[in-house]
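Undergrad: Only the shape, not the letters, is given here:
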């Protein structure tokens, strides 16, 4: 568990500030979600609504069990955002019980069991997704989006543009998503040379929907990632490399959640090694 002394400053920000940041992230998601829904059909919209309903329900339940007031915490938009991120990673339409299981793991176990927003070690959406992959892998075959060429790239581009919006608004840093995409490209290149002797980068190793989505909306989480500039680069690059290696050579259906969770474990150590020493001249943030 992260101690209060090491918790990000955002943990102590006014709830209105937290809700504003979460709202901006939801706004950045919107173009990609609309495009993805148009491609996959009405199942995605239904899936998002069910996930949000479960997310709010489990968030309220945990607040009551922890003796916390509902009003400020339930309205900060963190629970709906987590539920939406998880739902977007699942093929549509996912069964309601799968959405319930994933959101319960994400919010009750990965978030509140560690002390709530700002104290969780693992990214809640990734924790929920990883558990679903382990328990129900037969339901989580890769979506058709990833194989539809230009359409897939278009949706990925919309998520990337959402990332640009968040960077301009100073909601997320640019280093982490750039490093993740770069790390994925490098890992794909090395695996291609090792397996086929071909010096080429596959599109899915750099600009797949899930990879761009994760680079913008998952690894940039300030609570479970790194706060220093160099730490963000190492964190993002590690997540990108591990995602490709685990997916293509690790024998798992999707290496993304396991890659992110492993880097979540490494984040405190990376920050401790990359933070500037007080009293020494440094521009490292």
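TA: Cool, the structure landed. Source: prediction; values computed, not measured. Residues are numbered from 1 along each chain as shown.

Undergrad: what distance separates the helix or strand hosting residue 87 from the middle of the whole chain?
TA: Assigned by DSSP states H and E, residue 87 falls within helix 78-89. Remark: helix 78-89 is offset 9 Å from the chain centroid, using Cα atoms, centre = their mean, to the nearest Å.

Undergrad: Make 326 the first number, not 1, from now on.
TA: All set: I'll call the first residue 326, so the last point we hit is now helix 403-414.

Undergrad: tell me what it is packed against?
TA: Helices and strands touching helix 403-414, by 3 or more Cβ pairs under 8 Å, 6 or more residues apart in numbering; DSSP states H and E, are helix 340-365, helix 368-390, helix 421-429, helix 449-460, helix 534-542. All C-beta spots, glycine's among them, are computed from the backbone N, C-alpha and C.

Undergrad: Let me have these in CSV, extended by distance to residue 573.
TA: Output for the helices and strands packed on helix 403-414, formatted as CSV (distance: least, Cβ to Cβ, whole Å):
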stretch, distance to residue 573
helix 340-365, 24
helix 368-390, 27
helix 421-429, 24
helix 449-460, 16
helix 534-542, 12
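
Undergrad: Looking at the ones you listed, which one is packed in the most?
TA: Highest mean neighbour count of those: helix 534-542, a mean of 26 (counted as mean count of other Cβ atoms under 10 Å).

Undergrad: Over to residue 577. Which of the three states is it?
TA: coil (DSSP: H, G, I helix; E, B strand; the rest coil).

Undergrad: And stretch 426-438, end to end?
TA: End-to-end span of stretch 426-438 (Cα to Cα, to the nearest Å): 16 Å.

Undergrad: what residues does it touch?
TA: Stretch 426-438 is contacted from outside by 376, 379-380, 383-384, 386-388, 391, 404, 407-408, 411, 415, 442, 445, 447-450, 452-454, 456-457, 460-461, using Cβ atoms under 8 Å, 6 or more residues apart in numbering.

Undergrad: Swap in 6 Å and give it another go.
TA: With Cβ atoms under 6 Å, 6 or more residues apart in numbering as the test, stretch 426-438 has contacts from 376, 379-380, 383-384, 387, 407-408, 411, 445, 447, 449-450, 452-453, 456-457.

Undergrad: Then stretch 580-588?
TA: Residues outside stretch 580-588 that contact it (Cβ under 6 Å, 6+ apart) are 447-448, 451, 454-455, 539, 560, 563-564, 567-568, 571-572.

Undergrad: Among those residues, which one sits closest to residue 486?
TA: When those are ranked by distance to residue 486 (Cβ to Cβ), residue 539 comes first, at 15.7 Å.

Undergrad: give me the number of residues near the nearest residue to the closest one once chain neighbours are set aside?
TA: Once flanking residues are discounted, residue 539 sits nearest to residue 581: 5.6 Å by Cβ to Cβ, 6 or more residues apart in numbering. The burial count assigned to residue 581 is 28, neighbours taken as other Cβ atoms under 10 Å.

Undergrad: Flag the shaky bits of the stretch 326-475 of the chain, pLDDT-wise.
TA: 326-341, 367, 466-475 (pLDDT under 70).

Undergrad: Phi first, then psi, for the residue nearest the centre of the chain.
TA: With distances taken as Cα atoms, centre = their mean, the chain has residue 543 as the residue nearest its mean C-alpha position (1.9 Å). Phi and psi for residue 543, reported as degrees, to the nearest 10, are phi -110, psi -60.

Undergrad: any idea how far it is from residue 415?
TA: Look at residue 543 and residue 415: by Cβ to Cβ, to the nearest Å, they are 14 Å apart.

Undergrad: next one: residue 394
TA: In terms of Cβ to Cβ, residue 394 sits 32 Å off from residue 415.

Undergrad: ok, those two, which is more surrounded?
TA: For residue 394 versus residue 415, the count of surrounding residues by other Cβ under 10 Å is larger for residue 415: 23 against 9.

Undergrad: who touches stretch 534-546?
TA: Contacts with stretch 534-546, where a contact means Cβ under 6 Å, 6+ apart, come from 448, 470, 477, 480-481, 484-485, 488, 497, 501-502, 505-506, 509, 561, 564, 581.
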